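J.: Sharing a sequence plus its predicted fold:
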Amino acid sequence: GAQGEAALTPTEFFYHQVWSASTPRIAPAAGGTVVTLSGAGLDASSADYACIFSSGALFLTSPLVSVSDAATLTCVLPPWGASFSAGAVMVSLRHKGVLVPTDTSFVQSMELTEEWTGTASPSNPLTISAEGGFTVTVLGAGFDTSGTIQYQCVFTADCCPLPPCDAAECLTVPALGVYAESSTAIKCVAPSWGELYPYSGASSSGSVYATASSASVYTTLTVINTDLQKPATFLAGATLAKFEFEEVWQSVFPKELAITGGRITVFGTAFDTACASSVRGCYMCSYSRAGGVTMYGAAIACSDASCRGALAVPTSTKEVSCAFPRWSLANSAGTIEVAVLHARGTVVKHTTATFPASGGAADK
């Protein structure tokens, strides 16, 4: 009895630190979120902790860790989305390079979400041609780079500045779907807004563009994740990307006219077929040449620069017809410069087109 008891040695226990849970469970992949780990036995006097966020072979270490007490540790989520796609990541904790165990059998993870912050353009709102083709670079973090998920840029007119208004009535044109260039950039090609709709700011009484006090109605960009079938999250507090689709004209037909007069058709995009009630008004064409007398035409030849009562209404968003006045009344044959204007004086953008007003039998 006594001899056996003397042989016994005290039982020793080693208490090790553990952690059990992390919050939040969802955070933007851009990083910067404070992640809190709950545990027991944490060393508040040590600065040798590291939070590890990983997905397969990919991992990032938190740049900042703080131990509040033996039960609480915080770290800052690193900018995961600057290098990798958003998604689920595993959370682990190391102390002096050694993995700190959890007291649960469940893997601790977080869901990192993609987020976009704006575009690469220094201008906002940005004016672009309604004929489309302009590349819009969307900036963000955590975009999918697997080449299996497409993103779609959608442009929606801001037709609801004040309630009551049904946003579903607002004109919307989507761009073609694209894959992300990287985890931080998507390049969308702006759609041809003017194929279907007038320029941004065309206002018609009783329509969704009824903005009599302003000729600047912009469109707001939304980025859609086609796999999730919902908009990608936009950075809270950031300024929404706005675009103004401007009308343009590209060419006229015919290229030759008699100086006794005639008619031309102007081809372009985003002309306003409801211009009679718009802020800028309907259309007219001016005809000029160096040293000559500028003349005007619209629905008919105009007697002055106002074309009052004779303005032209487009037959579609893609063409408008202007009368060519009797040029020979004040000018000789030659090359004439054409410009397209609104009644209020707004010039429709284009690289100046020219055509010859021919002499010959018609002007003899």
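T.: Yep, that arrived.
J.: For the rest of this, base every contact and every neighbour count on C-alpha atoms.
T.: OK.
J.: Report the secondary structure element holding Ser105.
T.: Secondary structure from DSSP states H and E places Ser105 outside every helix and strand.
J.: Kindly report the same for Val340.
T.: Going by DSSP H and E, Val340 is in strand 334-342.
J.: what mean pLDDT would you report for that strand?
T.: Averaging pLDDT along strand 334-342 gives 93.
J.: Counting by contacts, list what it packs against.
T.: strand 283-288, strand 353-358 (3 or more CA pairs under 8 Å, 6 or more residues apart in numbering; DSSP states H and E).
J.: among those, which gets the worst mean confidence?
T.: Of all the helices and strands packed on strand 334-342, mean pLDDT reaches its minimum on strand 353-358 (a mean of 54).
J.: tell me the pLDDT at Gln229?
T.: Looking at Gln229, the pLDDT reads 89.
J.: Provide a list of residues in contact with the closest residue to Val34 other than its chain neighbours.
T.: Nearest non-adjacent residue to Val34, counting by CA to CA, 6 or more residues apart in numbering: Val76, 4.6 Å away. Contact analysis of Val76 by CA atoms under 8 Å, 6 or more residues apart in numbering lists 31-35, 62-65.
J.: Just the buried residues of the residues you listed.
T.: Buried subset of the contacts of Val76 (neighbour count, 16 or more other CA atoms under 10 Å): 31-35, 62, 65.
J.: The nearest residue to Ile26 once chain neighbours are set aside sits in which helix or strand?
T.: Of all residues not flanking Ile26 in the chain, Glu111 sits nearest, at 4.7 Å (CA to CA, 6+ apart). Counting by DSSP H and E, the element that carries Glu111 is strand 109-113.
J.: burial of Ala157, as a residue count?
T.: For Ala157, the count of nearby residues is 24 (other CA atoms under 10 Å).
J.: distance of the residue nearest to Val34 from Ser66?
T.: 9 Å (CA to CA, to the nearest Å).
J.: Helix or strand for the residue nearest the centre of the chain, just tell me which one.
T.: Using CA atoms, centre = their mean, the residue of the chain that lies closest to the mean C-alpha position is Leu221, 3.8 Å off. Secondary structure assignment for Leu221, by DSSP H and E: strand 219-225.
J.: Please save the CA atoms from that strand in PDB.
T.: Below are the C-alpha coordinates for strand 219-225, written out as PDB (Å, rounded to 0.1, in the frame of the first residue of the first chain):
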ATOM      1  CA  THR A 219     -28.000  56.900 -67.800                       C
ATOM      2  CA  THR A 220     -26.700  54.900 -64.800                       C
ATOM      3  CA  LEU A 221     -24.400  51.900 -65.200                       C
ATOM      4  CA  THR A 222     -25.200  48.600 -63.500                       C
ATOM      5  CA  VAL A 223     -22.900  45.500 -63.700                       C
ATOM      6  CA  ILE A 224     -24.700  42.200 -63.800                       C
ATOM      7  CA  ASN A 225     -23.100  38.800 -62.800                       C
END
